[in-house]
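Visitor: no sequence on hand, only this structure:
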């Protein structure tokens with residue numbers, strides 16, 4: 001089952017979300033399953049909008065990772081937000097979503113996913129491109 005995971009950015013900020021079941025202060029990139037007949041790019045835009053209300057424009061492939069829950073392939077992307085809209089939690093999958101500056105992320109103001117996770121690689125890649 002293909003799934004997408006995406007780091008959405010606008011200017012010097014990245015959009016991250018958190019699920020209620022995660023430890024307090026942990027944020028990650030946006031993810032979801034690809035629907036039958038849907039392109040990967042359309043899945044990225046749909047999931048970002050459904051979960052946060054933010055409209056994604058340009059989408060670029062980054063990397064992939066096998067994901068055993070259930071038996072999936074996680075396809076990683078970066079996406080440029082059309083505007084830095086205030087996130088609106090549309091579908092209830094996320095407990096919170098917000099924009100973080102590069103400085104906030106580099107300062108460790110939130111807990112990020114572990115280094116072996118594709119979401120960590122997406123965030124690290126984005127942070128490195130701003131330097």
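Guide: In hand now; what should we look at? Just so it is clear, the model here is predicted, and its values are computed rather than measured.

Visitor: and the nearest residue in space to residue 94 that is not next to it in sequence, how many residues sit next to it?
Guide: What sits nearest to residue 94 in space, not counting adjacent residues and going by Cβ to Cβ, 6 or more residues apart in numbering, is residue 17, at 4.1 Å. In short, each C-beta sits where N, CA and C put it, glycine included. For residue 17, the neighbour count with other Cβ atoms under 10 Å is 22.

Visitor: and the next element down the chain from the helix or strand containing residue 17?
Guide: In this assignment (DSSP states H and E), residue 17 forms part of strand 13-18. The helix or strand immediately downstream of strand 13-18 is strand 30-33, counting by DSSP H and E.

Visitor: gap between that following strand and the chain center?
Guide: 8 Å (Cα atoms, centre = their mean, to the nearest Å).

Visitor: got the contact list for it?
Guide: Outside strand 30-33, the residues that touch it by Cβ atoms under 8 Å, 6 or more residues apart in numbering are 1-6, 8, 15-17, 43, 46-48, 50-52, 72, 74, 93, 97, 119.

Visitor: many thanks, I have nothing further to ask.
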